[in-house]
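> what follows is a protein structure lacking sequence information:
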């Protein structure tokens, strides 16, 4: 349980630290513009730490379930190598799941003002700043059937 609590604390620190580079200029200096690279890095870390936090909470719930349902078998179910493997799987899953988003957004040309509406950026906000029509580059699935 303490391993999972320390992973959750580290994830919360990382999530807070990922919003800090844009919050300080906005609230202390009154600036509202941010570089695209910083925006994409922040986007990656916010999504990665959010998924990591959710995965750690899910693992903690499973840990408590095993503790309550089979207290005598807990030491055989959750060994140190298994906890390490779960932690590594959580981190790899979070990184792999969101590594492509900033890479794909980096390829778009940006020409509009980079004025922030809030202290963090998410991928729909970044896509709105691009000079190209992003709706035509993303395949849309229609619920209506096309006429033949």
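Alright, I've got the coordinates. Since the model is a prediction, treat every value here as computed from it, not as a measurement.

> let me see the mean pLDDT of stretch 68-77.
Per-residue pLDDT over stretch 68-77 has a mean of 88.

> quick one: contacts of that stretch?
Contact partners of stretch 68-77, identified using C-beta atoms under 8 Å, 6 or more residues apart in numbering, comprise 66-67. Where you see a C-beta, it was placed from the backbone N, CA and C, and this is true even at glycine.

> buried ones in the host helix or strand of residue 59, by neighbour count?
Taking DSSP states H and E as the criterion, the element that holds residue 59 is helix 36-69. By neighbour count on 16 or more other C-beta atoms under 10 Å, the buried set for helix 36-69 is 36, 39-40, 42-49, 51-53, 55-56, 59-60, 63.

> and the pLDDT for the residue nearest to residue 48 when sequence neighbours are not counted?
Leaving out its chain neighbours, the residue that sits closest to residue 48 by C-beta to C-beta, 6 or more residues apart in numbering is residue 94, at 4.7 Å. Per-residue pLDDT puts residue 94 at 92.

> name the SS class of residue 94, please.
Three-state assignment for residue 94 (DSSP: H, G, I helix; E, B strand; the rest coil): helix.

> against residue 26, how distant is it?
26 Å (C-beta to C-beta, to the nearest Å).

> who has more neighbours, those two?
Legend: neighbour count by other C-beta atoms under 10 Å for residue 94 and residue 26, higher for residue 94 (21 against 15).

> all helices for this protein, in order.
When assigned using DSSP state H, the helices of the chain occupy the ranges 2-24, 36-69, 74-77, 80-98, 100-106, 123-128, 134-137.

> so for residue 30, which of those helices sits nearest?
Nearest to residue 30 among the helices of the chain is helix 2-24; the distance by C-beta to C-beta comes to 11.1 Å.

> what angle do the closest one and helix 80-98 make?
Angle, helix 2-24 to helix 80-98, by axes from the mean of the first three to the mean of the last three C-alpha atoms, to 10 degrees: 30 degrees.

> tell me which other helices or strands helix 2-24 touches.
In terms of contacts (3 or more C-beta pairs under 8 Å, 6 or more residues apart in numbering; DSSP states H and E), helix 2-24 is packed against helix 36-69, helix 80-98.
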